[in-house]
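Asks: next comes the sequence, and after it the predicted model I'd like to discuss.
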Amino acid sequence: MHFSNHDIKLLESGRPFPKNTIFRAFDPKTRANFSSDNWVFFPSFPFTIDFSYPFPALTTEFFEKTGLIYVKTMPMIWQTLHTLEILIRHHAHDFSVSKLAYVYNLRSHGSSRFLFQIKSGQNHMILKTTQNDSNWKNHFFFVRRDSIPGGDKFPVKWIMKVPSFSELAPPTPNTARRVAFFYGLEPIERTFKLRVPLVKANSKTYPSGSEMSCIRKSNSKFALDDIDNMISIGKKHQEGSKPAIVPSSQTRGSQT
């Protein structure tokens, strides 16, 4: 099952997006491996573990450096980033993506989805994460780029080849010391766990909250002709090409 308008209403109670965000649910003819000049594809998973948009600093830096698309990022990465964000706030400790690249490689897992792989000689920084989550890849929705902060900066093209994490975020002189600090924390503190009350609907879980997020939904039915330049990437994408921020005037009507 994909995300429906009913499912998005459940997300509204968790206030995960800024006021005046415009979104739509899925169209049966669309898939998460489509791209659009006007719409950003979001998975529901990060919002079920208490993320909100705009994402916090480490998570934002991770996606900016790697060029990964949200819906191709597997639950393990979201769980790791979420727990690290909490630890960073709690300990007021500096932590950048170069520290993650010191511990993990990025690897693909079917259909160009990505997760962390521990490097030889290292240990997981965050414990009890899961590589996968039941049916997570089928739960996604669409947000208008011009209705959210930074939406115009999101890549349009998919990344199909695993980037070298260490090259994208090389270590700094204090990297080993910063990583050692987090390894020194109690295991219970470094363990991923849900930290918000959950409500259930249609056998799926979503974060609950006491305030409305003021998300705006288009009144008309979601349809392919509402998405300008909908592009199916799939096999026609050039293997190994780096994701790019492409102005709509350059990409309209073309395929990648």
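Replies: Nice, I can see it. Numbers count the residues shown, from 1 in each chain.

Asks: quick check: buried residues in stretch 166-179?
Replies: The neighbour-count check on stretch 166-179 (16 or more other C-beta atoms under 10 Å) flags 168-169, 175, 178-179 as buried. Glycine gets a C-beta too; all of them are placed from N, C-alpha and C.

Asks: er, stretch 55-66 I mean
Replies: Residues of stretch 55-66 classed as buried: 55-56, 58-59, 61-63, 65-66 (neighbour count, 16+ other C-beta under 10 Å).

Asks: about what we covered before: among the buried residues of stretch 166-179, which are in helices?
Replies: Where the buried residues of stretch 166-179 overlap with helices, as defined by DSSP state H, the overlap consists of 168, 175, 178-179.

Asks: ok, those vs residue 126, which is closest?
Replies: Proximity of these to residue 126 was ranked by C-beta to C-beta; the top entry is residue 179 with 12.3 Å.

Asks: from residue 41, how far off is that closest one?
Replies: Remark: distance between residue 179 and residue 41 (C-beta to C-beta, to the nearest Å) = 32 Å.

Asks: picking up where we left off before, want to throw the buried residues of stretch 166-179 into JSON lines with pLDDT and distance to residue 143?
Replies: As requested, the buried residues of stretch 166-179 are exported to JSON lines (pLDDT from 0 to 100; distance: C-beta to C-beta, whole Å):
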{"residue": "168", "pLDDT": "94", "distance to residue 143": "25"}
{"residue": "169", "pLDDT": "95", "distance to residue 143": "26"}
{"residue": "175", "pLDDT": "94", "distance to residue 143": "34"}
{"residue": "178", "pLDDT": "92", "distance to residue 143": "33"}
{"residue": "179", "pLDDT": "95", "distance to residue 143": "34"}
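
Asks: apart from its chain neighbours, what residue comes closest to residue 95?
Replies: Distance criterion C-beta to C-beta, 6 or more residues apart in numbering; nearest residue to residue 95, sequence neighbours excluded, is residue 88 at 5.1 Å.

Asks: identify the residues contacting the one you found.
Replies: 57-58, 94-95 (C-beta atoms under 8 Å, 6 or more residues apart in numbering).

Asks: surely it is within a helix?
Replies: Yes - Residue 88 sits within a helix when classified using DSSP: H, G, I helix; E, B strand; the rest coil.

Asks: now do the contacts for the residue nearest to residue 136 when sequence neighbours are not counted.
Replies: The shortest distance from residue 136 to any residue that is not its chain neighbour, by C-beta to C-beta, 6+ apart, is 4.8 Å, and that residue is residue 45. When the contact criterion is C-beta under 8 Å, 6+ apart, the partners of residue 45 are 75, 78, 133, 136, 139.

Asks: quick check: the fourth one vs residue 64, distance?
Replies: Right, residue 136. Note on residue 136: its distance to residue 64, by C-beta to C-beta, is 23 Å.

Asks: can you check the first one too?
Replies: If you measure residue 75 against residue 64 using C-beta to C-beta, the figure is 21 Å.

Asks: residue 141 too?
Replies: The value you get for residue 141 to residue 64, if C-beta to C-beta is used, is 22 Å.
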